[in-house]
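Novice: quick one, structure for this:
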Amino acid sequence: GPFRARDDDARRALVQSLGLAPDTRVIGFVGRLNWAKDLETMVAAFARVRARHDDVALVLAGEGGERGVVEAAIAREGVGDRVFLLGDRGDIPNLLPAFTLFAMSSISEGYSIALLEACASALPIVATDVGGNAEIVSHGNNGLVVPPRDPAALADAFEALLSDAARAEAMGRTGRDWLLSNATFEVMLARYLDVYANGRA
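Specialist: Numbers count the residues shown, from 1 in each chain. Have a look, this model is predicted:
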C-alpha cells in the first residue's frame, strides 16, 4: 500500500535536505495551518524541548490562512533555525516515514485522517484530547493524549517519546497493527486513493 512504516533512512534524508545533522529527530505535523490546529501551542511546546535538546526539529507540512501567525510564533520563540514550514506536499506518504513522532495540537478536530495516516506509518503520536483524537490515539498504547492549549503538557509528552526510543517505536507498531486490523483503514485508503486519483491533493 502507499503507507510505509517509519524509516531511519527517510528521516536522515529529510533532515539533511533541511541542512541539519543526520541524527536530528523530527517532530512532525501534517494538516491545515488554521486556528483549529493551534500551532502556536505546538511551537511553544517545541521551544521547550529545543531548549533541552540540540538534536530536534519541528516540521509542519500544510498550508493555510494562519501561516503568518505560525511564523510569528516561531520568531517569538526564537526557534526559526529548527522549525520548517514545508507548505502543501503531494508526497505525504513519503514524508511521514521520515518523522520520529507525529504531533497534533488541535483545539477542535473531527475524525482526523492525518492521525490515521500517522498510525499507518507506524508513528507514535502526541495528540490533544479533543474531537475524535482519543478514539485514534489510545493513551499509553500508540501515543500520548494531552490537554489542549497546554504547551508544558505537550512538551512533556514530546520528551517522554524522545527520551525512550524503544517505547516510541513499540507505540508506532501498535498503532500500525491496530489500523491494519481495523475497517477504518479500508475507508481511509479508499478516500485517500480517490483524492489522489482526482488530483485534489
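
Novice: can we go C-alpha only for contacts and neighbour counts from here?
Specialist: OK.

Novice: so, low pLDDT: which residues of the protein?
Specialist: Segments of the chain classed as low confidence (criterion: pLDDT under 70) are 1-2, 183-184, 192-201.

Novice: please, where are all the helices along it?
Specialist: 8-17, 39-52, 67-77, 92-95, 113-120, 133-136, 151-162, 165-180, 183-197 (DSSP state H).

Novice: span of stretch 77-91 from start to end?
Specialist: Between the opening and closing residues of stretch 77-91 lies a distance of 29 Å (C-alpha to C-alpha, to the nearest Å).

Novice: ok, now how distant is Asp9 from Phe99?
Specialist: Computed with C-alpha to C-alpha, the distance linking Asp9 and Phe99 is 11 Å.

Novice: my error: substitute Ala118 in the last question.
Specialist: Distance, Ala118 to Phe99, by C-alpha to C-alpha: 9 Å.

Novice: same check on Asp88?
Specialist: Here Asp88 is placed at a distance of 16 Å from Phe99 (C-alpha to C-alpha).

Novice: repeat that for Val70.
Specialist: Going from Val70 to Phe99 by C-alpha to C-alpha gives 20 Å.

Novice: for Arg89, same thing?
Specialist: Noted for Arg89: a distance of 15 Å to Phe99, by C-alpha to C-alpha.

Novice: got a list of contacts for stretch 158-165?
Specialist: Around stretch 158-165, the neighbours that count as contacts under C-alpha atoms under 8 Å, 6 or more residues apart in numbering are 49, 101, 124, 126, 167-168.

Novice: nothing else from me, thank you.
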